[in-house]
Structure formats: C-alpha cells, structure tokens
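Chemist: Here you go, sequence then predicted model.
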Amino acid sequence: MKFLRRLRFPTASLHTKLTVALAALVAVVAAGSATVLVEREREQRLHELEGRATRIASLLQQSLAQGLWNVDSKAIQRQLDALAPDPEVAEVTVTAVGYGTVATAGPRHPSDATGAVVRIRPIQYAQFEGFPLEKIGEVRVVLTRAEAEAAIARARRAILAMAAAVVLTLFAATTLLLKRMLQRPVTRLEAMVNRLAAGDLDARCPVDSGDELGRLAERVNVMADRLRGFTAHLRESEARFRTFVDHAMDAFFLHDEQLTVLDVNRQACESLGYSREELIGKRPRDFDAGLDGASIVRLAEQVGAGETVTFESLHQRKNGTVFPVEIRSRQFHQGGHRFRLSLARDITERKRAEEQRERLRELEAELAHINRVSLLGELTASIAHELGQPLSGVVSNGGACLRWLGRDEPNLEEAREAAKRIVRDGKRAGEVIARIRALTRRTTAPREKLDLNETIRDVLVLVGNEAMRNSVTIHTQYAAALAPVAGDRVQVQQVVLNLVLNGIEAMGSVSDRARDLVITTRNLDPDQVQVTVEDSGTGLDANAMDKIFDPFYTTKPTGMGMGLSISRSIVQAHGGRLWAEAKDGPGTRFHFTLPTFREAGSHL
Amino acid sequence: MQRRRFVLGLLQAALFSTAKVGWAQRQPHVVFLNPGEPVERGTGPFWRMVTEFMRPAARSLGLNLEVLYAERDHLLMLRQAEEVAQRSPAPDYVLIVNEKLAAQQMLKTLTRSSAKVFVMHNDLTPEQRREIGNERQQIRNWIGTATTDAARGAYILMDYLYRRLGNQEPRIIGITGDPSTPVSMERADGVKEYVAHAGRGRIDQLAFGDWSYADGERKAAVLLARYPDANIIWGSNDSMALGALRAVRAREARVLVGGIGGFWDAMTSVAEGGLAASSAGDYLIGAWAIVMLSDYHHGVDFAAHGGLAQKLNYMYVVHRGNVTRFDDVILKRSEALDFRLYSKALNPGSGPYDFRLARLVEPGKG
C-alpha cells in the first residue's frame, strides 16, 4: 500500500489512475495466483514423481523377487529395460546380496542440480510357503527430477501466459468500461465546472445516470443554482452596503498594506473633489497635507501594531484647498490579507465651534476679572481697614521702637520686640495686598488641590471688616475632614466672595433680627464637597429665584447683575453645580458643589 | 559266461548279416524330428550328439535314418510333423520329442500317417496323456516311448559328489533347466532323492536355468554369494555346469561342480580337473530308440521287455578316473560303436533292456 501511495501520477487522469491501479491490482493478484498455482503444480508433480518412484520400486520389489531368487538376470534385465524408455527413469539397478549388480537399466545421470528421487527396496523371498522372507537383494530406482522440472516449467509458462491473457483482457475491458462509465461523465462534469469557474453561472451538467457520478452531477447542478442565488444576493448586499458607505458622512478609505488606496466611498470623492477611479491607487501623501512622511510612517506602525489610531490632519482637495479632518484608522484581516480602513471626518465646523468656545471662555474670564475688580471696589473700605490696622501697628510700633532706642539707656530688648511687631504687621499688610493682587490676576491658573476650608478662611480675611461695618456676624461650620477639591483657587475664592458679599448686602435692611451669615462645608459624598452660604436677609421670591443666575439680573441698585451668573459659569466649568434655595424662615441658602480632588491620571 | 555271450553275439551277428541282405531291398525308413540345430548356435551339442549316436545305431541295425532339425522352433517342428504326416509313401517310423510339449500336437498330426510314432527323451506329461491317452490306445500308431531315467542320472552324480566331498556337510546349489521341461524336474528329484537317501546334506536352492553356459555362470555367481557355505553345485546340463564352474573359479570357492550330459567340453574339463564329474550318456537315447524300433520291426516288441513307455537307466558318471576311457570308447569312436550288443532281437532274452554304458566302456564288467 505504501508503494501504491507513493506511486502517484499527479497529472494523470482519474481514468488512467484507476486503470493503472486496477491493472496493477489484477497483475498482482494474477501473479500471486500464478505463483500459487505454479507452486502447487510443482509440489504435485514432485509428489507424483516421488509416488511413482515409490510405486516402481515397490512394484519391482514384488515382481523381481521370483526372478532374483532364481537369478533370472535376463528376465530381470527385460523388466528393467521395459522401464528404461521412460525419460524420468535415470537408473534402475537390481543387486543381489553379497554379489552386486545383477541387472541395471538406463544409467542416465541427472545433469541438473535438482537431484534425483532415489528409492531402494529390499527384495525378499520365501523359498517355501510359510518360510520367513529372506532378503536376497535390493532394487534401486532413481528417477530424475529433470522431466518433472521441465513439465513444471511448461506448466509455469502456460499459467503465466494464461494470467497475462487474463490481465490483458481485464485491463482492456476495464479501460473500456471505465471510459464509458467514468471518463465521459467526469469530462462533462469537468467542462461544466470549468464554465462555472469562468463565471458562467448558468452552466449545467446533463444527468443521465443514477449512479454516484449522476448524483454528483445533480449535486453540482444544485450547487450551481445556489451559487447563482448567492451571487445575486451578494451583489444586492454589496450594492446596499455601497449605498450605506456612499451615504455616510465620513469619507472611507480602504488601503492595502502599502497604504495604496483600494477603494473609497462617495463622500471621499466629494470631499476631495476626485473621482473614485482617480483616488484608487493614490497614496495618503497625495491628498494629505497635514502629515509629513515621518508621521505617516509612525501612524502606519501604530495601526500595524493593532491599535485604532485617531488623529487629526488636513486633507487637500483636488483644487488645492485644504480642510481639517479627524481620521480614525485601524487595520483588519480578510482572506489572509491585511487592510486598513481610514474614516476621515471633515471637522471644519468643529474647529470653528472650538474657536468660538475659546473666545467665549476668554470673554468669561474677562468678565470674571471685571467682577473681581468690582468686588474689590466694593471692599475698598474693608480693605483699607484691613491694611490700616497693620499700618497703624507699624507706625505705633515704629514710634515705640524709636522711643526705646531714644532713651539714654536705649532699651534694646523692647526695641527688638517693637521691630518684630513691625515686621509682623508689615507681613500681614503684605499678605493682604498679595490676596488682593491674586484676586485681580487676569490669567487663569491650572487646577490644583484645594482645601476649601482654608480657601474660605482666606476670603473671610478680606470681608471681615465689611461684615463688621454691616453688623453682620459670620459663622463658619467647617467640616472636620473635608476632602480636598480640584479647582482654580482664585475662581473658587471669587465664587465664595460673591456669595458672602451678596449675603451681607441682602441683610442690609434687616433691623429686627440678628444679621447672621453662616458658612458651612461638608462632604456631600465621596465624589463631591458642598459649600452652603446662608443669610438671614429678606429672601427671594420664587420669580426672582429663577432669574438671579441670569446675566445682568440684579435686585441691587448698584449691582452689575453679573456676580451669580459668573459664579455659576465658574462652578459648572469646574464640573460642579450652583443653586439657590429659599429658607423656611427669612433668608436665602446658596449651595455649590465641587468634585473632590483625584490623584494624577484621574479624569477631570 | 562272458565268453558264451560273446560267441552268441557273434552268431547273432552272422544271422543278422544274412538277414541284412534280405532287408536290403526294403530298409525301414525312420524319420527323426530333431528339435535341435544342425550346427552349433549356442544351445549346446546335445541334439547333434543324439543324431551322431543314432546314425551308427541305425547303420549297424539296418535302418534308414532321416533327421529333420527344428532348430529349437517348435512351430517349425509342428510344420515338419505335418509334412511328414502327408508324405506318401509314409515313413515306417517317426521319432518325436515332447519338446515344449509339442508331442501331443505332433502325435495328433501323425495319426493321419501310417507311420509308427515313437516318442523319446521327453515323455508326455500326465496331463497330455490324460487328454490323448497312452501308447497304442486312442492314437494307435503311437507305439512306444523311451526316456532317460533322468532322476537316476542326477542321483548317481550326487552319489559321486558326496563321496568326493568326504565328511564335509554337503551344501547343494542346483541349477536345473526350465521347469516346463519334465527332465528338469526329474533330475532335481533325483538329487532330492539322493540327499534324502544319504540322510545328510542340504539343498540350499534349486534354480531354474535356460540350459546355457552364460546362465549357469550368472546364476552360480549370484547363488554363491547368496550361499557362501555352498560346496556342491550341480547343473542340469554340462553347459550350465561349466558356466557355474567359471563362476566358482572367479570366486575362488572350494565348490565341487557336477554336470549332466557328458559332452566333449565337459569331458575335457573333467580331464583337466575342472568339473568334478558329469553324469554322461543321455545323448544315447536316440540310439536306444533305434535299437528298440529295430527290435520292434523285427518282431521283438519292446513292450514285452520293459513296457510301452520305458525309463531307461543307462547314465554313467564320468570323472577324472574314467574320463579318458569314456572319451576314447564313446566319444571318439562313436561311428564305430556297435549297438547290436543291446538288441533283444539279436540277443534274445527275457527281461528289460539293459542299456548300461558300462557294457561299452567297461566291457569286462558287462
């Protein structure tokens, strides 16, 4: 079997293979049978030869007994001579006991190497009836195997000739039958499949038998039917998808591994001003004005590594104008090939919106600055008081210091103490000025980790005198372990300042009750911290409650109407919320929340 | 006694010679159908010697003898008998031999002839006699039969060989003729008879031969190998005995070889110390038949002197001691032998014929 497996005729037809295989099989079987037959023939003939030798010897043993007893040499010789013409008989010899050869016939020494069949039989005779048999001689029969071998050779030739004839006949018959039963249908089938392969999906094979090949032809016809159906379905589906793709807002580019464009959708053609045929075969650098060669290579490597890469670039139209695009690119495998798909979206509008948002943000910052400056304006008296106290301290301590030094015996110790106080008051004044400067800073700072309690304390330093002038008592209820928040310190202080000054102002007309401003901080939940500023003023009606955060809405005769509006913008820009709440009693509660600070890498 | 006989013989001879003149006009015609060959062709000289002794007998007794040789071909012999039966005038006597049992047929053939038929040497077998009857019965012209007492010939040969062997235990190999010839068996019987009579010795084997020298030699060679202790071989004729002798010599065996026949070459061998003995004389059977027919013709019917069928005891053992004399008297002077000595017509007397050879060889003893 190994041999047969090895014996392949890759180009030979099925008919030839089958014929050759069958011929080989029949030849093997015939050769095997012939060998067995020849061997049997051989065994039989040799067996017969030995049997003949035995028979002849036994016959002579009997028939020669009387003659040898009586020493009838001539009669014995005649008997032996009668055997001599037999070509198988190589030698027959009769010997007498003690004497030797009495008669011999045909001493032909076998010339072949197959040897001879030798039978030696004693010749016995009883002189009188009842006497024991007495050995009087021997007969030696030698039969040559040459004749048997020749006969075997003839038989072998005959058997081999017969086997060859059988093989040839079978071969011829098989060839014809296979040709009729196999080759024709297979050829027809092959022709039909070839037509199918060439695209003729209407090709069909005639079915004229119910055997395996007939059934195969039927199946192939069914397969062709289905293929035609599938193909039609596929074409419809392709057209449908082409429509989807063509109507997509994004431009689709299908590249091969070398980034050559294989296909594009209609949007791609329209956005770039090329026809589909013009775009197919182009490379990104042919219409991408935003990427240099190195960037293209780097992006291609990223995409090749399996990433989905999103980047912005500029596409250049056929007429030379450019427009910004956001490109999402990834690769996929199909049919053992790697492709990459790039979706380009025209982001001209988005870019414009971003620019507008940026301008708005700048305007808002300007407004906030103006708000802060105006707030400081409102605090001028308070700030002057705040500065006046340390400055007074500086003056008085400076005088004291001079006095201690102007003594006959200058009291250096006291002078040093006075100087220390001067330094302390100076620093204090400096700090006040620094806070004011910070509030008037025009630029925005990056968000930082803020302790809201401390931030509020800093603001209260500025408004302490203002509260005192308005007879307002500021109560603070700081949460003990307040979570830090992320924010712009100046903007957060601006929001607190707005709320505190609004509260103080809201209680300006209150005379029948204590003017209390309560500032509370608390951890609302693990993600946000809430600050509440509560006054005991006149409160707001429901109508006003809706409008207080609108720009330019004010209930104050001297207000600009921007404070709460800006504050809400700031809080919302920080990801928080600012809202007002009417109290059960007199006054209003303002709440704002800020998200807690997350370590680097957190989402902001 | 001898003297008186001799004188009587002479007287008879004188009478005979007178009668001879009277017979001369019409000598009885005797045809002998000799089964043998006129010249030596390998079957031995027996039948020629028979003729050789018959001629002086016929001459001396005044018979006209015609010999036809069948050359050992019994079919030819039958044709010859046919021819003789058709002769006219018919011969007076026809002498036939039961060679290969052909006598029965010949007797039947010759019934058509007026010739008297005399069977000699080989008697008809009992079976044959049962079928055709005996002499002078159904076949009226079958007047008589004379055969040699073959057993006696073998008997006396064995007697001599025993004596030569002395005290050794005789171990005997016999080579007799073909079993279908009665004389073969008779001679073997004679040997058996002697061994039984002697009360000692043993017959190792009796083989049947074809009477030839070569066969005798072949058989002796094989049988000597088969019976290494054998010390006597006898042959049923001289040829076989001489052949056996050659085998004995080739084997350098100490074996006494005796033959029967007393032919010339056997005599030579005996004289040279080869054959121990030969029981001789049976070639004279034809001569004795002539004597009996002559007597019959002259009115002395042999039936009155021993019967219609007679077994004649006349054999003589020739050995080294008497071979020269035998040779001289019998063989070398056969032409001169005078058989009138044995004629009952010429020598009237009662009792059977006395054909003993000693009467010729040793006349003093006769």
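Modeler: Nice, I can see it.
Chemist: Pull the number of nearby residues for the residue of chain B found nearest chain A.
Modeler: Chain A sits closest to B:Ala225 of chain B, with a gap of 3.5 Å, by C-beta to the nearest C-beta. From N, CA and C alone the C-beta is placed, and that goes for glycine too. Other residues within reach of B:Ala225 by the criterion other C-beta atoms under 10 Å in any protein chain shown amount to 22.
Chemist: is it true that it touches A:Gly98?
Modeler: Yes - counting by C-beta atoms under 8 Å, B:Ala225 does reach A:Gly98; the two are 3.5 Å apart.
Chemist: which ones are touching A:Gly563?
Modeler: Listed by C-beta atoms under 8 Å, 6 or more residues apart in numbering or on different chains, the contact set of A:Gly563 reads A:371, A:375, A:498, A:501-502.
Chemist: In contact with the residue of chain B closest to chain A: list those residues for me.
Modeler: B:Ala225 sits next to A:96-100, B:251 when contact means C-beta under 8 Å, 6+ apart.
Chemist: run the last query once more with 6 Å
Modeler: Contacts for B:Ala225 (C-beta atoms under 6 Å, 6 or more residues apart in numbering or on different chains) come out as A:98-99.
Chemist: What's the per-residue pLDDT of it here?
Modeler: In this model, B:Ala225 is scored at 93, pLDDT.
Chemist: That one: what secondary structure?
Modeler: Assigned with DSSP: H, G, I helix; E, B strand; the rest coil, B:Ala225 falls in the helix class.
Chemist: Specify the residue ranges that define each domain of the chain.
Modeler: I'll assume chain A. Using automatic domain parsing, the domain parsing of chain A gives A:7-164, A:206-244, A:248-346, A:445-604.
Chemist: that's the wrong chain, I meant chain B
Modeler: Taken from automatic domain parsing, chain B resolves into B:2-148+B:283-314+B:322-361, B:150-280.
Chemist: Export those to JSON lines and append columns for distance to A:Glu307.
Modeler: Formatted as JSON lines, the domains of chain B follow (distance: least, C-beta to C-beta, whole Å):
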{"stretch": "domain B:2-148+B:283-314+B:322-361", "distance to A:Glu307": "133"}
{"stretch": "domain B:150-280", "distance to A:Glu307": "121"}
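Chemist: and those domains, which is most packed in?
Modeler: Ranked by mean neighbour count, the domains of chain B are led by domain B:150-280 with a mean of 22 (mean count of other C-beta atoms under 10 Å in any protein chain shown).
Chemist: Now do it: distance to the chain's middle.
Modeler: Relative to its chain's centre, domain B:150-280 lies at 18 Å (C-alpha atoms, centre = their mean, to the nearest Å).
Chemist: got it, and stretch B:354-361?
Modeler: 14 Å.
Chemist: Would you work out how far apart the start and end of that stretch are?
Modeler: From its first residue to its last, stretch B:354-361 covers 14 Å (C-alpha to C-alpha, to the nearest Å).
Chemist: now the helices for the stretch 1-150 of chain B?
Modeler: For the stretch 1-150 of chain B, helices defined by DSSP state H, counting those that start in this stretch occupy the ranges B:2-24, B:46-61, B:74-85, B:103-110, B:126-132, B:150-165.
Chemist: what's the shortest one in contact with?
Modeler: With C-beta under 6 Å, 6+ apart as the test, helix B:126-132 has contacts from B:104, B:138-139.
Chemist: right, and out of those residues, which lies closest to B:Thr111?
Modeler: Of all the contacts of helix B:126-132, B:Ile139 has the smallest distance to B:Thr111: 5.6 Å, by C-beta to C-beta.
Chemist: Chain B contacts on chain A?
Modeler: A:70-71, A:73, A:96-99 (C-beta under 6 Å from any C-beta of the partner chain).
Chemist: Generate a ChimeraX selection restricted to the buried subset of these.
Modeler: A single ChimeraX command selects the buried members of these (16 or more other C-beta atoms under 10 Å in any protein chain shown):
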select /A:70,71,73,96,97,99
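Chemist: Taking the residues of chain A next to chain B together, which two end up most distant?
Modeler: Maximum distance among these (C-beta to C-beta): 16.5 Å, for A:Asn70 and A:Gly98.
Chemist: Following element in sequence after the helix or strand harbouring A:Gln389, please.
Modeler: Using DSSP states H and E, A:Gln389 maps to helix A:380-406. Downstream of helix A:380-406, the next assigned helix or strand under DSSP H and E is helix A:412-439.
Chemist: Next, the buried residues of that following helix.
Modeler: By neighbour count on 16+ other C-beta under 10 Å, the buried set for helix A:412-439 is A:415, A:418-419, A:421-422, A:425, A:428-429, A:432, A:435-436, A:439.
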